[in-house]
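*Asks:* Sequence plus the predicted model coming up.
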Amino acid sequence: MSKIIAITSGKGGTGKSSICAELGFALAKQGHRTLIIELDFGLRCLDIMLGVKDDVKYDLGSVLSGECDIYKATTQVKLANNLSIVCAPKDPFAKVYADTISSICNEMRKYYEFIIIDTSAGTNESVFDVVEQSDLILINTTPDPVCVRDARLMSDEFYKRGNKKQRLIINKVDPDIFKEELIGDLDEIIDTVGVQLIGVIPKDNAVVISTSKGIPLPSSSNAFRAFDAISKRLKGEDIPLSFKVLIQ
(Lines give C-alpha, C1' and ligand atoms only; values in the text may rest on other atoms or scores of the structure.)
Protein backbone atom coordinates (compact mmCIF):
# COMPACT_ATOMS: atom_id res chain seq x y z
CA MET A 1 0.00 0.00 0.00
CA SER A 2 1.38 3.36 -0.99
CA LYS A 3 1.49 6.42 1.23
CA ILE A 4 -0.32 9.63 0.27
CA ILE A 5 1.44 12.72 1.59
CA ALA A 6 -0.13 16.17 1.26
CA ILE A 7 2.17 19.17 1.50
CA THR A 8 0.39 22.39 2.36
CA SER A 9 0.90 25.83 3.85
CA GLY A 10 -1.28 28.63 5.14
CA LYS A 11 0.47 31.23 3.01
CA GLY A 12 2.11 31.41 -0.41
CA GLY A 13 5.84 31.89 -0.78
CA THR A 14 6.90 29.35 1.82
CA GLY A 15 8.55 27.05 -0.72
CA LYS A 16 5.84 24.39 -0.71
CA SER A 17 6.32 23.36 -4.34
CA SER A 18 10.11 23.27 -3.95
CA ILE A 19 9.64 20.89 -1.03
CA CYS A 20 7.40 18.66 -3.17
CA ALA A 21 9.99 18.58 -5.96
CA GLU A 22 13.00 17.91 -3.76
CA LEU A 23 11.26 15.26 -1.64
CA GLY A 24 10.17 13.63 -4.87
CA PHE A 25 13.75 13.57 -6.15
CA ALA A 26 14.99 12.25 -2.78
CA LEU A 27 12.47 9.38 -2.58
CA ALA A 28 13.06 8.46 -6.22
CA LYS A 29 16.82 8.41 -5.70
CA GLN A 30 16.27 5.94 -2.86
CA GLY A 31 14.49 3.64 -5.31
CA HIS A 32 10.87 4.42 -4.47
CA ARG A 33 8.27 4.85 -7.22
CA THR A 34 6.96 8.33 -6.53
CA LEU A 35 4.17 10.41 -8.08
CA ILE A 36 3.57 14.13 -7.53
CA ILE A 37 0.07 15.50 -8.15
CA GLU A 38 0.08 19.28 -8.49
CA LEU A 39 -3.11 21.07 -7.43
CA ASP A 40 -1.96 24.70 -7.45
CA PHE A 41 -4.24 25.65 -10.36
CA GLY A 42 -3.15 28.54 -12.54
CA LEU A 43 0.21 28.77 -10.77
CA ARG A 44 1.79 25.67 -12.28
CA CYS A 45 5.51 25.49 -11.61
CA LEU A 46 6.51 21.89 -10.93
CA ASP A 47 6.98 21.17 -14.63
CA ILE A 48 9.88 23.66 -14.53
CA MET A 49 11.17 22.47 -11.15
CA LEU A 50 11.29 18.86 -12.37
CA GLY A 51 12.70 19.65 -15.81
CA VAL A 52 9.68 18.46 -17.84
CA LYS A 53 8.13 21.71 -19.08
CA ASP A 54 8.63 20.67 -22.72
CA ASP A 55 7.41 17.11 -22.13
CA VAL A 56 3.95 17.71 -20.66
CA LYS A 57 1.28 16.89 -23.24
CA TYR A 58 -1.65 16.39 -20.89
CA ASP A 59 -2.29 17.61 -17.35
CA LEU A 60 -4.91 17.30 -14.63
CA GLY A 61 -7.13 19.71 -16.55
CA SER A 62 -7.12 17.24 -19.44
CA VAL A 63 -8.37 14.54 -17.07
CA LEU A 64 -11.08 16.75 -15.57
CA SER A 65 -12.34 17.72 -19.03
CA GLY A 66 -12.43 14.08 -20.18
CA GLU A 67 -9.76 14.63 -22.83
CA CYS A 68 -7.62 11.79 -21.45
CA ASP A 69 -7.27 9.43 -18.51
CA ILE A 70 -4.91 9.88 -15.56
CA TYR A 71 -2.27 7.65 -17.14
CA LYS A 72 -1.88 9.85 -20.20
CA ALA A 73 -1.70 12.89 -17.93
CA THR A 74 1.25 11.39 -16.03
CA THR A 75 4.67 12.61 -17.18
CA GLN A 76 7.89 10.76 -16.44
CA VAL A 77 10.69 12.91 -15.01
CA LYS A 78 13.74 12.40 -17.23
CA LEU A 79 16.36 12.88 -14.49
CA ALA A 80 14.73 10.46 -12.03
CA ASN A 81 13.64 7.02 -13.23
CA ASN A 82 11.23 6.50 -10.33
CA LEU A 83 9.60 9.94 -10.39
CA SER A 84 6.50 11.09 -12.30
CA ILE A 85 4.17 14.07 -12.14
CA VAL A 86 0.61 15.02 -12.95
CA CYS A 87 0.79 18.76 -13.59
CA ALA A 88 -1.89 21.23 -12.51
CA PRO A 89 -4.26 22.74 -15.06
CA LYS A 90 -3.19 26.06 -16.54
CA ASP A 91 -6.71 27.35 -15.98
CA PRO A 92 -6.84 29.07 -12.54
CA PHE A 93 -10.62 28.57 -12.43
CA ALA A 94 -10.64 24.84 -13.09
CA LYS A 95 -12.81 22.97 -10.60
CA VAL A 96 -11.67 19.88 -8.77
CA TYR A 97 -13.36 18.05 -5.95
CA ALA A 98 -11.93 16.02 -3.11
CA ASP A 99 -13.63 12.82 -4.22
CA THR A 100 -12.06 13.18 -7.69
CA ILE A 101 -8.56 13.46 -6.23
CA SER A 102 -9.32 10.60 -3.87
CA SER A 103 -10.34 8.38 -6.81
CA ILE A 104 -7.19 9.32 -8.72
CA CYS A 105 -4.98 8.56 -5.73
CA ASN A 106 -6.68 5.22 -5.12
CA GLU A 107 -6.09 4.26 -8.76
CA MET A 108 -2.44 5.33 -8.73
CA ARG A 109 -1.73 3.57 -5.42
CA LYS A 110 -1.40 0.40 -7.49
CA TYR A 111 1.73 1.70 -9.18
CA TYR A 112 3.43 4.13 -6.79
CA GLU A 113 4.85 3.75 -3.30
CA PHE A 114 4.56 7.44 -2.51
CA ILE A 115 2.01 9.95 -3.83
CA ILE A 116 2.83 13.56 -2.99
CA ILE A 117 0.02 16.11 -3.31
CA ASP A 118 1.08 19.71 -3.82
CA THR A 119 -1.93 21.72 -2.64
CA SER A 120 -2.74 25.33 -3.29
CA ALA A 121 -1.73 27.66 -0.47
CA GLY A 122 -4.23 29.14 1.93
CA THR A 123 -7.04 28.13 4.21
CA ASN A 124 -9.83 27.51 1.73
CA GLU A 125 -12.40 24.74 2.01
CA SER A 126 -11.18 22.75 -0.99
CA VAL A 127 -7.68 22.47 0.46
CA PHE A 128 -9.00 21.02 3.71
CA ASP A 129 -11.32 18.60 1.92
CA VAL A 130 -8.49 17.25 -0.27
CA VAL A 131 -5.71 17.24 2.29
CA GLU A 132 -7.55 15.54 5.13
CA GLN A 133 -7.90 12.37 3.04
CA SER A 134 -4.13 11.94 2.99
CA ASP A 135 -2.19 9.46 5.09
CA LEU A 136 0.06 12.26 6.30
CA ILE A 137 -0.11 16.07 6.18
CA LEU A 138 3.12 18.06 6.04
CA ILE A 139 2.48 21.65 7.08
CA ASN A 140 5.15 23.97 5.79
CA THR A 141 6.14 27.30 7.29
CA THR A 142 9.09 29.69 7.31
CA PRO A 143 10.53 31.59 10.30
CA ASP A 144 8.15 34.47 9.65
CA PRO A 145 5.50 35.47 12.22
CA VAL A 146 2.76 35.71 9.57
CA CYS A 147 3.58 32.28 8.07
CA VAL A 148 3.81 30.71 11.53
CA ARG A 149 0.41 32.09 12.53
CA ASP A 150 -1.17 30.86 9.29
CA ALA A 151 0.38 27.41 9.80
CA ARG A 152 -1.21 27.32 13.27
CA LEU A 153 -4.61 28.23 11.79
CA MET A 154 -4.33 25.36 9.30
CA SER A 155 -3.23 22.90 11.93
CA ASP A 156 -6.06 23.91 14.26
CA GLU A 157 -8.60 23.33 11.48
CA PHE A 158 -7.20 19.87 10.76
CA TYR A 159 -7.38 19.01 14.46
CA LYS A 160 -11.00 20.22 14.55
CA ARG A 161 -11.72 17.83 11.69
CA GLY A 162 -10.17 15.00 13.70
CA ASN A 163 -6.98 14.73 11.66
CA LYS A 164 -3.95 14.28 13.87
CA LYS A 165 -1.66 12.91 11.16
CA GLN A 166 0.33 16.13 10.88
CA ARG A 167 4.04 16.96 10.83
CA LEU A 168 5.81 20.29 10.55
CA ILE A 169 8.52 21.40 8.11
CA ILE A 170 10.30 24.68 8.78
CA ASN A 171 11.73 25.93 5.51
CA LYS A 172 14.23 28.63 4.43
CA VAL A 173 15.87 28.83 7.85
CA ASP A 174 18.61 31.45 8.08
CA PRO A 175 20.19 31.85 11.53
CA ASP A 176 20.49 35.60 11.00
CA ILE A 177 16.71 35.96 11.07
CA PHE A 178 16.63 35.09 14.76
CA LYS A 179 18.97 38.00 15.52
CA GLU A 180 16.16 40.34 14.47
CA GLU A 181 14.03 39.02 17.36
CA LEU A 182 11.01 38.42 15.16
CA ILE A 183 10.79 34.89 16.53
CA GLY A 184 12.83 33.57 19.44
CA ASP A 185 13.98 30.26 17.99
CA LEU A 186 12.82 27.11 16.23
CA ASP A 187 11.28 25.73 19.42
CA GLU A 188 8.99 28.77 19.56
CA ILE A 189 7.80 28.02 16.01
CA ILE A 190 7.11 24.39 16.90
CA ASP A 191 5.22 25.36 20.05
CA THR A 192 3.18 28.01 18.23
CA VAL A 193 2.08 25.73 15.39
CA GLY A 194 1.53 22.83 17.78
CA VAL A 195 2.69 20.11 15.40
CA GLN A 196 5.54 17.62 15.76
CA LEU A 197 8.61 18.58 13.73
CA ILE A 198 9.77 16.29 10.92
CA GLY A 199 12.52 18.47 9.50
CA VAL A 200 14.20 21.84 9.07
CA ILE A 201 15.47 23.01 5.70
CA PRO A 202 18.16 25.69 5.70
CA LYS A 203 18.07 28.65 3.35
CA ASP A 204 20.26 27.47 0.49
CA ASN A 205 20.82 29.00 -2.94
CA ALA A 206 21.27 25.46 -4.25
CA VAL A 207 17.48 25.02 -3.99
CA VAL A 208 16.84 28.06 -6.20
CA ILE A 209 19.36 26.84 -8.77
CA SER A 210 18.04 23.27 -8.68
CA THR A 211 14.36 24.17 -9.08
CA SER A 212 15.08 26.79 -11.75
CA LYS A 213 17.10 24.33 -13.84
CA GLY A 214 14.86 21.35 -13.13
CA ILE A 215 17.66 19.23 -11.72
CA PRO A 216 18.18 17.37 -8.42
CA LEU A 217 20.06 19.07 -5.60
CA PRO A 218 23.79 18.37 -5.40
CA SER A 219 24.53 15.88 -2.63
CA SER A 220 27.08 18.30 -1.18
CA SER A 221 24.45 20.93 -0.30
CA ASN A 222 22.98 21.42 3.16
CA ALA A 223 19.49 21.42 1.66
CA PHE A 224 20.06 18.00 0.06
CA ARG A 225 21.02 16.55 3.45
CA ALA A 226 17.88 18.04 4.98
CA PHE A 227 15.57 16.64 2.28
CA ASP A 228 17.30 13.27 2.38
CA ALA A 229 16.75 13.07 6.14
CA ILE A 230 13.08 14.10 5.89
CA SER A 231 12.41 11.54 3.15
CA LYS A 232 13.88 8.80 5.33
CA ARG A 233 11.79 9.87 8.31
CA LEU A 234 8.73 9.61 6.07
CA LYS A 235 9.60 5.94 5.64
CA GLY A 236 9.86 5.47 9.41
CA GLU A 237 13.64 5.48 9.66
CA ASP A 238 15.08 6.80 12.91
CA ILE A 239 17.05 9.80 11.63
CA PRO A 240 18.08 12.28 14.35
CA LEU A 241 16.90 15.85 13.92
CA SER A 242 20.07 17.77 13.17
CA PHE A 243 18.66 21.24 12.59
CA LYS A 244 20.93 22.85 15.14
CA VAL A 245 23.90 21.82 13.01
CA LEU A 246 22.27 23.08 9.81
CA ILE A 247 21.65 26.62 11.05
CA GLN A 248 24.89 27.31 12.92
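*Replies:* Yep, that arrived.
*Asks:* Just the buried residues of stretch 93-111, please?
*Replies:* Within stretch 93-111, the residues that count as buried by 16 or more other C-beta atoms under 10 Å are 94, 96, 98, 101, 104-105, 108. All C-beta atoms are positioned from the backbone trio N, CA, C, and that covers glycine.
*Asks:* Strands of the protein, residue ranges please.
*Replies:* Secondary structure of the chain by DSSP state E: the strands cover 3-8, 34-38, 74-76, 83-86, 114-118, 136-141, 166-173, 197-202.
*Asks:* Distance of Y111 relative to E38?
*Replies:* Y111 is 18 Å from E38, where distance means C-beta to C-beta, to the nearest Å.
*Asks:* Same question for K164.
*Replies:* According to C-beta to C-beta, K164 and E38 sit 26 Å apart.
*Asks:* So which of these two has more stuff around it?
*Replies:* E38 (27 against 10; other C-beta atoms under 10 Å).
*Asks:* remind me which residues of this protein are low pLDDT?
*Replies:* Low-confidence segments of the chain, defined by pLDDT under 70, are located at 1, 42, 121-127, 242-248.
*Asks:* what do you get if the cut-off is 90, keeping everything else the same?
*Replies:* Applying pLDDT under 90 to the chain picks out residues 1-2, 9-15, 39-44, 89-102, 119-134, 157-164, 174-187, 239-248.
*Asks:* longest helix anywhere in it?
*Replies:* The residue-count maximum for a helix in the chain (DSSP state H) belongs to helix 145-160.
*Asks:* what's the angle from it to strand 136-141?
*Replies:* Computed with axes from the mean of the first three to the mean of the last three C-alpha atoms, to 10 degrees, the direction of helix 145-160 lies at 160 degrees from that of strand 136-141.
*Asks:* rewinding a little: tabulate the strands of the chain in TSV, adding columns for distance to S17.
*Replies:* As requested, those are exported to TSV (distance: least, C-beta to C-beta, whole Å):
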stretch	distance to S17
strand 3-8	8
strand 34-38	8
strand 74-76	16
strand 83-86	11
strand 114-118	6
strand 136-141	10
strand 166-173	11
strand 197-202	13
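*Asks:* Could you tell me the end-to-end distance of stretch 68-78?
*Replies:* Stretch 68-78 stretches 22 Å from its first residue to its last (C-alpha to C-alpha, to the nearest Å).
*Asks:* for stretch 213-223, same thing?
*Replies:* For stretch 213-223, the end-to-end distance is 16 Å (C-alpha to C-alpha).
*Asks:* Distance from it to the middle of the chain?
*Replies:* With C-alpha atoms, centre = their mean, to the nearest Å as the basis, stretch 213-223 stands 16 Å off its chain's centre.
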